[in-house]
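K.L.:
Build me a structure from this.
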Amino acid sequence: MKILKTMATAAVALCAAFSAQARPIDAIQKDGKIIIATEGQFAPFNYFNGTQLTGFEVDVANLVAKKMNLKVEWKTLGFDALLTGLAQDRWDVAIASHGVTEERSKAVTFATPHYCSGGMIIAMDPAIRAGKDLAGKVVAVQTGTSYLENVKKVPGVKDVKNFPTDVDARSALTSKRVDAWVTDKFVAKEVAAKNPKAGLKLGDMLFIEKIAPAVAKGNTSLADAWNKAFAEVLADGSYAAVSKKYFNEDVRCAP
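P.N.:
Predicted coordinates for the structure are as follows:
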């Protein structure tokens with residue numbers, strides 16, 4: 001998911017002011033705890049099951065932290081504040097399905113992508129399936145995501161409606177306030193599978209992207225340590241097990 005240009009620009013400015021405060025890996029290891037932020041409203045990647053924060057990204061991050069011999073303190077908040085908070089040293093890592101983009105890379109340092117996905121078109125009308133079918137249509141997306149800018153690139157789209165959460169965007173579709181909804185393909189598949197009577201029709205992929213955790217801009221010591229631990233999680237089979245648990249397939253990016 002791609003943050004809005006204005007938000008990314010603001011994050012760049014904040015990086016210049018605050019990046020020196022970012023905790024390097026030695027400070028985190030001395031503390032014995034890593035602070036990781038996520039949204040908590042983007043199932044099956046990060047969400048609450050009752051009061052328990054869970055999801056694919058939460059499980060993967062916990063595995064990585066364990067390899068680093070660190071305890072995890074989780075923070076949950078709105079998606080559009082996650083990258084800005086890195087620059088303010090409010091947490092060490094943000095993992096919340098952020099797509100790696102040129103604009104975001106000006107504001108943060110990305111670690112190795114932990115899965116590959118992209119935006120899928122979902123509609124109630126089976127005739128709305130491909131990008132060309134969005135001409136003259138109103139499309140719902142979550143605010144601050146890559147889906148917004150990618151939908152805006154589609155010729156002829158009548159309007160793009162922004163919603164605070166992806167759940168709100170989905171509700172706009174099911175209540176027929178919009179004609180289509182664009183979200184992550186794995187989110188779409190899970191929602192359709194769990195709500196077979198909702199009438200959701202899964203369409204084509206609108207774009208493909210790599211999804212990665214982010215650290216404060218220039219905090220390469222933490223990114224390198226995270227990448228080393230993540231490589232171990234990939235190698236020992238634990239990543240594949242978590243991926244199968246949530247998706248029944250391995251969602252890692254191809255080499």
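
K.L.:
Got phi/psi on residue 111?
P.N.:
Dihedral pair for residue 111: phi -90, psi -170, per degrees, to the nearest 10.

K.L.:
Now do the strands in the stretch 151-255 of the chain.
P.N.:
Along the stretch 151-255 of the chain, counting by DSSP state E, counting those that start in this stretch, strands occupy 159-163, 180-184, 201-211, 214-216.

K.L.:
got these as TSV, with mean neighbour count columns?
P.N.:
All C-beta atoms are positioned from the backbone trio N, CA, C, and that covers glycine. Below are the strands of the stretch 151-255 of the chain laid out as TSV (neighbours: other C-beta atoms under 10 Å):
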stretch	mean neighbour count
strand 159-163	16
strand 180-184	28
strand 201-211	18
strand 214-216	27
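
K.L.:
Now tabulate those in TSV and tack on mean pLDDT.
P.N.:
Below are the strands of the stretch 151-255 of the chain laid out as TSV (pLDDT from 0 to 100):
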stretch	mean pLDDT
strand 159-163	96
strand 180-184	97
strand 201-211	95
strand 214-216	98
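
K.L.:
Let me see the contact set for the most far-flung residue of the chain relative to its centre.
P.N.:
The C-alpha centroid of the chain is most remote from residue 30, which lies 29.0 Å away (C-alpha atoms, centre = their mean). If a contact means C-beta atoms under 8 Å, 6 or more residues apart in numbering, then residue 30 has no contacts.

K.L.:
Could you measure from it over to residue 167?
P.N.:
39 Å (C-beta to C-beta, to the nearest Å).

K.L.:
cool, residue 188 as well?
P.N.:
13 Å.

K.L.:
what's the answer for residue 45, then?
P.N.:
Distance from residue 45 to residue 167, by C-beta to C-beta: 13 Å.

K.L.:
Can you pick out the residue with more neighbours from these two?
P.N.:
residue 45 (28 against 17; other C-beta atoms under 10 Å).

K.L.:
Could you verify my assumption that that one touches residue 187?
P.N.:
Yes. Using C-beta atoms under 8 Å, residue 45 is in contact with residue 187, at 7.4 Å.
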